[in-house]
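Participant: Got a sequence here, can you model it:
(2 chains)
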Amino acid sequence: MFRKIIHLSIKKPKTVFAICFIVVVLAAFQFPRIKVDTDPENMLSKDEFVRVFDHDVKKEFALYDFIVLGIVNNETERGVFTKDSLNRIFAITEKIKDIEGVITREIIAPSTKDNIRQGGLGVVVFEWLMKSPIETEAEAVFLRDEAMDNPMFKGSMVSDSGKALCLYIPIEKKNISYRVATQIRKIVSDLGSGEKYYITGLPVAEDTFGFEMFKQMAISAPLAGLIIFLLMFFFFRNIRMIIPPMILAVITIIVTMGLLIGFGFPVHIMSSMIPIFLMPIAVLDSVHILSEFFDKYPRYKDKKKTITHVIEELFTPMLFTSLTSAVGFFSLSFSPIPPVQAFGVFVALGIMVAWLLTITFIPAYVSVIKEDSLKDFGHILSEEAAHSGLLDKSLRLIHRFTLKHFKAIIGFSGLLIVISIYGISHIQVNDNPVKWFNKNHEIRIADKILNEHFAGTYTAYLVIKNQSKTEEIFKEPKMLAFIEGLENYLIEKGNVGKITSLADVVKKVHYELFDGDKTYNIIPETKKAVSQCLISYENSHKPDDLWHMVTPDYSKLNVWLQLKSGDNKDTDKVLRQVDAYFSANPPPYKVDYNWAGLTYINVVWQNKMVKGMLVNFLGSFFIVFFMMTFLFRSPLRGLISMVPLTLTILFIYGLLGFIGKDYDMPVAVLSALTLGLSIDFAIHFIQRAREIYDTSPNWPKTSEEMFKGPARAITRNAFVVAIGFLPLLAAPLVPYRTVGFFMFTIMLVSSIATLFILPALITAFPQAIFGKEEKKMVCNCKYCVIISFVVSLSIVYLSRSYTEYGLGITSLVAVLVVTIASGICSKIAKHKFCLVEKKET
Amino acid sequence: MKRFSIVLAGFFLLISFEFAYSEESVEQIVDKANKAAYYQGTGGKAKVEMTITDSQGRIRKRVFKILRLDLADGGQQKFYVYFSEPADVEDMTYLVWKHLGRDDDRWLYLPALDLLRRIAASDNRSSFVGSTFVYEDISGRALDQDEHQLISSEGETYLVKNTPISKDSVEFSYYNVYIDKNSYLPIRAEYFNKQGKLSRIVEALETGDVQGYPTVKKSKASDLENGSNTVTEFSEIQYDLGLDESIFTERYLKRPPRKWLD
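Facilitator: The predicted model follows:
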């Protein structure tokens, strides 16, 4: 059927072009409906417990995501605590209040916070920390000392050194942070002078990343396209022959993105990477075709015959390389993360679109170009042969090397595997959205400087809930003492910079009531005394500040933790410390506790992602193996074809372990790409080798032939894609560099692995690849068992993704299936029809 | 010109109705309204129940008794507040000497800590025990702190716009008060924030006669910015009790005058 399509495409190119045109126009019409979503929180589905809980906590305690504006002055002795600086900060705060989307009443700034202080003997004063612009330097010093004496402010609003200030600007929604931050920058550049202003915080980092990512997308994908174009021109020297792959790539991208948008999926951080993933994959097949076309044309001197021949020859490997890549990506649809699912499905779809175009659009295009323009092709070939002498020479070298030193290659590969596994054991799973920016990005700089001065710009909320029958337990001195103990424990452990809770408020009010005497900086002895401290606090200008820390019925407590690092591994440590404290120190009342806040959400989806990706990866690994077994009609050949891919993956991840690059979101997603792309070369190599061997059954000769055409196509492909993605290494966003690094390494390593290991393995065991095949694979008992094993693993993998079952039950079922299948296999192998077949062969 | 705030307090002046209000100056209007809201009689007592409801519908209660003695009509006053609920602040007492022209004196007694403290505030805009009412709502805002402007006298009410003279000392830019032409009770006050948006409303929900004095029996303060409100109900209202000035001293904070509080 596909052959018919190919022939039809050659016969009626205009129809093909018309259909392509209509489809592209239809797809392009979807673009205005684009919905952009840059919120990493959407990595978790909306009804995910941690998101629902976080949402409820924010509502219940009136908390908001905030932008952190740090103000530092290293030039003066008192830092920003000078009259002029403070007055400027006052004016800036007033301006910030006017920004739309800012929760004015919850801004944390000197001019928006109430302070409790001593007003002479026996007098307690409640007043704004900075009510109005100040007139003397003495007032600035006084303000600093008051802020430093207030546990609510020290370490959070005022730096521990007493020289820098930090404003916390709450916003209605996270996805306005970039806009608000831009407006704040404008205000600061208008009004600030002398001091340095830094903006950071997870919401800004995430939203800014989203913004810059789309910008980067607009640069990276076309740039990669351009370089691929130039490289192809370098190899083929015929502009007409390299235009179709480019058009093909563009059509693929437009159609895929059009479908994504048309189906109503938002373009998320992940899906914005679809074009950049499709670009190399879409070009790959056409490069194979063109490379072959280029080699064969001089022989046929007829474009239609040449293209028909080339496509028929390449049909199976192309179908399988596309299918395997598609499977690699489609496996992402089993991940528990919605944007990753959409990404996986649509890249898989795009790959199949590209494949369809390769067998229709390319022949159609070839059939309309004038034969005249190909005249020079043969001529170019000879010239090209001289030009690419280096490439051919190297390939010949490899050819001889693999025949002679196959043992060394196999040995070296084995060593590499061992080293890589060692490297993999050192991989660190960690992510931090702030680190998605380069070190010299303003957000990274702000993050570094502010976390040096302050107790931490990363926020986590520990919510403790009463589960006992006693009411208002968070007024009980015992309970507050427990919280105080928890705070001290965590601070001592060193991962938390500062903790603010109701216990701190009670202690502060308590000692201020007792003439500011610090010996009263303790939790009072009775519940009534605690209550009366709290009601005194409620006489301030901002009594509602209390309800950020406890619910009015005193049944839930919210402890605000400030972390200096947004690394998930550091947050994870804090989570474990809290667990340890709770189990070592039973709380006086029965409580349960849970976490909220962006840093925690990031940890949750990271864990899901990493685990999910590992399961997906193993699953798709088996599915690809299964496909290879069918393609090559032998599990052994299938297994051999998996060798270069396995080595590539082990090598890349081992390298990550050695260079200390964190296993983060982009890396996790790229594992799917690795799988899909690395297998391609092996498929082409083995398939072609078998075809050549069929005509002349002699391995050294076959090898010689292999290292001409097919190896050249592989090398060209590897070069085109690897170099095409090198510019990404200079991108200002780290995930883009990661993509660039991966593309480059995948191409390089998998092409080298294919060209060295496969010939070496064939030299060692020629029968494994060229051996006579059974008519029916099931007739070989060993094969049959392997197949049933792989099938059951695939089933386990698929069912696991769709059900709640853990590995426990399903794996048990799998073992059972394999056992039964093995029995059936040995029966079948002894069956009559197999015996008959064997006799025939 | 002047200004005043609405009303929480439950003590009022007898108003003579023979005034032809149409010819009154804005000064006269706000002066009468101030006296109607805060100076009815020579003093008195009331039981006050506050119900604080936040934006999430969560409710907190405050129950206290308040005693008032006027030293001069429209001038110096003394308040004594005794809390009975919530239970863990029972016996907490609070004393205010209201002055004109200078900061009020305030004292707070916390029985659980056996602690008597003077409370100072740079302004009277801080919360009254965590409610949506601020101190000024309870004790009245001095008329000379604002400029007053009669915006309208149509219908049953006067509308007076009040702009603070010292802008830095308050969180609002101005506020409008609707004054009932018959009783001179301020019925509604609307506060506009520095961005010019309506941010806070204090209103009388129920008024009536007590011993011949027009009296607010139920009032409500709403904070439009954080979505909370407080409803205050006055009961056991009595005027002209002949309270002894000695009650309004620090000594009585520790020993509440039961006679007047039961």
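Participant: Would you check how far apart the nearest residue to A:Phe770 once chain neighbours are set aside and B:Asp123 are?
Facilitator: Closest residue to A:Phe770 apart from its sequence neighbours, by C-beta to C-beta, 6 or more residues apart in numbering or on different chains: A:Tyr693 at 5.1 Å. Heads up, the C-betas are built off the backbone N, CA and C, glycines and all. For A:Tyr693, the distance to B:Asp123 equals 94 Å [C-beta to C-beta, to the nearest Å].
Participant: which parts of the stretch 51-200 of chain B sit against chain A?
Facilitator: B:54-56, B:58-60, B:86, B:88-89, B:92, B:108, B:110-113, B:115-123, B:125-130, B:168-169, B:194-195 (C-beta under 8 Å from any C-beta of the partner chain).
Participant: so of these, which ones are in strands?
Facilitator: B:59-60, B:108, B:110, B:115-121 (DSSP state E).
Participant: Which one (most neighbours) among these?
Facilitator: B:Leu110 (23 neighbours; other C-beta atoms under 10 Å in any protein chain shown).
Participant: contacting residues for that one?
Facilitator: For B:Leu110, the contacting residues are A:513, A:529, A:532-533, A:536, B:92, B:116-117, by C-beta atoms under 8 Å, 6 or more residues apart in numbering or on different chains.
Participant: Kindly report the same for A:Phe233.
Facilitator: Here A:Phe233 is in contact with A:239, A:242 (criterion: C-beta under 8 Å, 6+ apart).
Participant: And it, how close does it get to A:Leu290?
Facilitator: 12 Å.
Participant: so which strand or helix has the closest residue to chain B within the stretch 201-350 of chain A?
Facilitator: Nearest residue of the stretch 201-350 of chain A to chain B: A:Pro203, at 21.4 Å (C-beta to the nearest C-beta). Using DSSP states H and E, the element containing A:Pro203 is helix A:202-236.
Participant: now the longest helix along chain B, how far from the chain's geometric center?
Facilitator: The longest helix of chain B (DSSP state H) is helix B:26-38. For helix B:26-38, the separation from the chain centroid amounts to 13 Å (computed by C-alpha atoms, centre = their mean, to the nearest Å).
Participant: which helices and strands sit right next to that helix?
Facilitator: If you count contacts as 3 or more C-beta pairs under 8 Å, 6 or more residues apart in numbering or on different chains; DSSP states H and E, helix B:26-38 packs onto strand B:146-152, strand B:157-164, strand B:172-180, strand B:186-193.
Participant: could I get those as JSON lines with mean neighbour count and mean pLDDT?
Facilitator: Output for these, formatted as JSON lines (neighbours: other C-beta atoms under 10 Å in any protein chain shown; pLDDT from 0 to 100):
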{"stretch": "strand B:146-152", "mean neighbour count": "17", "mean pLDDT": "85"}
{"stretch": "strand B:157-164", "mean neighbour count": "20", "mean pLDDT": "88"}
{"stretch": "strand B:172-180", "mean neighbour count": "21", "mean pLDDT": "89"}
{"stretch": "strand B:186-193", "mean neighbour count": "21", "mean pLDDT": "90"}
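Participant: out of the ones you listed, nearest to A:Phe770?
Facilitator: Closest approach to A:Phe770 among the helices and strands packed on helix B:26-38 (C-beta to C-beta): strand B:186-193, 84.9 Å.
Participant: Show the subsequent helix or strand relative to that closest one.
Facilitator: Scanning onward from strand B:186-193 (DSSP H and E), the first element met is strand B:198-210.
Participant: can you pull the contacts of the closest residue to A:Phe293 other than its chain neighbours?
Facilitator: Once flanking residues are discounted, A:Phe293 sits nearest to A:Val310: 5.1 Å by C-beta to C-beta, 6+ apart. For A:Val310, the contact set (C-beta under 8 Å, 6+ apart) comprises A:289, A:292-293, A:296.
Participant: hang on, A:Val310 in a helix?
Facilitator: Yes - assignment of A:Val310 by DSSP: H, G, I helix; E, B strand; the rest coil places it within a helix.
Participant: Could you report the distance from it to A:Phe681?
Facilitator: Counting by C-beta to C-beta, the gap from A:Val310 to A:Phe681 is 18 Å.
Participant: Report the contact partners of A:Asn175.
Facilitator: Applying C-beta under 8 Å, 6+ apart, the residues near A:Asn175 are A:38-39, A:207, A:210.
Participant: Which one (most neighbours) among these?
Facilitator: A:Asp207 (27 neighbours).
Participant: Now A:Gly740: closest residue in space, sequence neighbours ignored.
Facilitator: A:Leu728 (2.8 Å).
Participant: what about that neighbour, neighbour count?
Facilitator: 25.
Participant: Equivalent analysis for the one 4 residues further on, please.
Facilitator: Other residues lying near A:Pro732 total 14 when counted by other C-beta under 10 Å.
Participant: Now do the contacts for the closest residue to it other than its chain neighbours.
Facilitator: In this structure, A:Pro732 finds its nearest non-sequential neighbour in A:Asn438, 5.3 Å apart by C-beta to C-beta, 6+ apart. Counting by C-beta under 8 Å, 6+ apart, A:Asn438 touches A:444, A:732-734.
Participant: out of these, which are inside helices?
Facilitator: Using DSSP H, those in helices are A:444, A:734.
Participant: I only care about the contacts of A:Asn438 that end up buried; give me the ChimeraX line for that.
Facilitator: Only the buried entries of the contacts of A:Asn438 go into this ChimeraX selection, using 16 or more other C-beta atoms under 10 Å in any protein chain shown:
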select /A:444,733,734
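Participant: Please tabulate the contacts of A:Asn438 in CSV, including the columns distance to A:Thr599 and pLDDT.
Facilitator: What follows is those, written out as CSV (distance: C-beta to C-beta, whole Å; pLDDT from 0 to 100):
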residue, distance to A:Thr599, pLDDT
A:Arg444, 17, 87
A:Pro732, 24, 80
A:Leu733, 21, 82
A:Val734, 18, 83
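Participant: and which of the contacts of A:Asn438 is nearest B:Glu136?
Facilitator: Closest to B:Glu136, out of all of those and judged by C-beta to C-beta, is A:Arg444, at 48.1 Å.
Participant: thought the closest one was touching A:Phe437?
Facilitator: Yes - the pair A:Arg444 / A:Phe437 is scored as a contact, 4.9 Å apart, by C-beta atoms under 8 Å.
Participant: What score does A:Arg737 have for pLDDT?
Facilitator: On the pLDDT scale, A:Arg737 is placed at 84.
Participant: One more: A:His379?
Facilitator: According to the model, A:His379 scores 46 on pLDDT.
Participant: So, low pLDDT: which residues of the stretch 551-700 of chain A?
Facilitator: Low-confidence segments of the stretch 551-700 of chain A, defined by pLDDT under 70, span residues A:672.
Participant: same thing with the stretch 51-200 of chain A?
Facilitator: Ranges of the stretch 51-200 of chain A meeting pLDDT under 70: A:121.
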